[in-house]
Structure formats: C-alpha cells, structure tokens
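Asker: Coordinates for the following, if possible.
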Amino acid sequence: MSGSTKSTKVMGVLTVTALVVVTAYTAALGSNGWLWFGWVVLGLVTIGMATSRST
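Answerer: Numbers count the residues shown, from 1 in each chain. Prediction:
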C-alpha cells in the first residue's frame, strides 16, 4: 500500500468517525453549525484526496 493510498484511507476513517461524533453531539446537546461546517470541509478534503489519487 502506497503512502498516498494509506493517507486517503486514514482520512476516510477520520471523516466517518467525525460524522459519528458530530451526530452524537447533535443528538445529545443540539445542533452546532460550526461542527457540521467542519465536517463538510473535512469530507470535501477527503473527496479531493481520493479524486487526486485516482487521476
């Protein structure tokens, strides 16, 4: 497994973990727009890494 593939996989796991954490926070304490914004940015960075790796 190359370094690029490994880092993309780590980012994917981090993104999914962050989604679970943000969802749990929202369920327990109410919605926080900044957390969701941060998760969207993280997701876009992950998608960008996966796209650049495949080209």
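Asker: buried stuff in stretch 7-15?
Answerer: Neighbour-count burial for stretch 7-15 flags Thr8, Met11, Thr15 (criterion: 16 or more other CB atoms under 10 Å). For the C-beta atoms, the positions are set from N, CA and C on the backbone; glycine is no exception.
Asker: SS state for Ser31?
Answerer: Secondary structure assignment for Ser31 (DSSP: H, G, I helix; E, B strand; the rest coil): coil.
Asker: Give me the phi and psi for it.
Answerer: The phi/psi pair for Ser31 (degrees, to the nearest 10) reads phi -70, psi 140.
Asker: list the contacts for it?
Answerer: Contacts for Ser31 were tallied using CB atoms under 8 Å, 6 or more residues apart in numbering; there are none.
Asker: For Thr46, see how far away the closest residue to Trp36 other than its chain neighbours is.
Answerer: Spatially, and ignoring its direct neighbours in sequence, Trp36 is nearest to Val22 (6.3 Å; CB to CB, 6 or more residues apart in numbering). Counting by CB to CB, to the nearest Å, the separation of Val22 from Thr46 is 14 Å.
Asker: okay, the most centrally placed residue in the chain: pLDDT?
Answerer: Geometric centre of the chain, nearest residue: Thr15, 2.1 Å, by CA atoms, centre = their mean. Confidence at Thr15, expressed as pLDDT, is 94.
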